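[1] Have a look at this prediction, sequence included:
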Amino acid sequence: MLTDKELLCSEWQAITGAAVSDDSLLMRDLVGADRTRKLRCFAAVEADFAGAATGITVDMIQADNSALTANVEVLGTTGAIAADLLGQRVLVDTPLPATTKPYFGFRFTPQGGSFTAGSITAGLTTGIETRSAERPRFETHGY
């Protein structure tokens, strides 16, 4: 995955209870926020999750302030993702929805309890690398 530190909302953010991303993106000045750069939202597990929670919901949100607390609107959600919250699992990989408010970020909500460990990196990216299992093998294409 090709990431830019300036486009990250969360970097190895520990998630134990409901939380919004550590940072937000100011969309008004973001080149490509009009979707011409084909920006994608992503969220990936960095450190394995453990604890009583049975899953997590990741929401893509927009708000009127950088703390992501004023007039929050959900742009998209994963719904509850259960089990297998292990490192390097991609939870969100979707095109950037159209935004109308100045700030963009993520909201993370554990389901069925809280976590004792686990972290997520989330933000925007200009491309998602094809997983190695999905790449064509050179010997099958006559190379």
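    Sure thing, it's come through.
[2] rest of the way, CA atoms for contacts and neighbours
    Fine.
[3] How far away from the center of its chain is stretch 57-76?
    Stretch 57-76 sits 13 Å away from the centroid of its parent chain (CA atoms, centre = their mean, to the nearest Å).
[4] Going by neighbour count, which residues in it are buried?
    Residues of stretch 57-76 classed as buried under the neighbour-count rule (16 or more other CA atoms under 10 Å) are 57-66, 68, 73, 75.
[5] Among these, name the ones in strands.
    57-63, 73, 75 (DSSP state E).
[6] Looking at the residues you listed, which one is closest to residue 109?
    Nearest to residue 109 among those is residue 57, at 5.1 Å by CA to CA.
[7] circling back: can you lay out the buried residues of stretch 57-76 as a markdown table showing distance to residue 27 and pLDDT?
    Listed next are the buried residues of stretch 57-76 as a markdown table, based on distance: CA to CA, whole Å; pLDDT from 0 to 100:
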| residue | distance to residue 27 | pLDDT |
| --- | --- | --- |
| 57 | 23 | 96 |
| 58 | 20 | 97 |
| 59 | 17 | 97 |
| 60 | 13 | 97 |
| 61 | 12 | 98 |
| 62 | 9 | 96 |
| 63 | 10 | 97 |
| 64 | 11 | 96 |
| 65 | 11 | 96 |
| 66 | 11 | 95 |
| 68 | 13 | 97 |
| 73 | 14 | 97 |
| 75 | 14 | 96 |
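[8] Could you identify the most distant pair in the ones in strands among the buried residues of stretch 57-76?
    Maximum distance among those (CA to CA): 18.3 Å, for 57 and 63.
[9] Could you state which residue of this structure sits nearest its centroid?
    Nearest to the mean C-alpha position of the chain, by CA atoms, centre = their mean, lies residue 43 at 2.5 Å.
[10] looking at this, that residue is in a strand?
    Yes - assessed with DSSP: H, G, I helix; E, B strand; the rest coil, residue 43 lies in a strand.
[11] Secondary structure element holding the closest residue to it other than its chain neighbours?
    Leaving aside its sequence neighbours, residue 43 sits nearest to residue 122 (CA to CA, 6 or more residues apart in numbering; 4.0 Å). Secondary structure from DSSP states H and E places residue 122 in strand 115-127.
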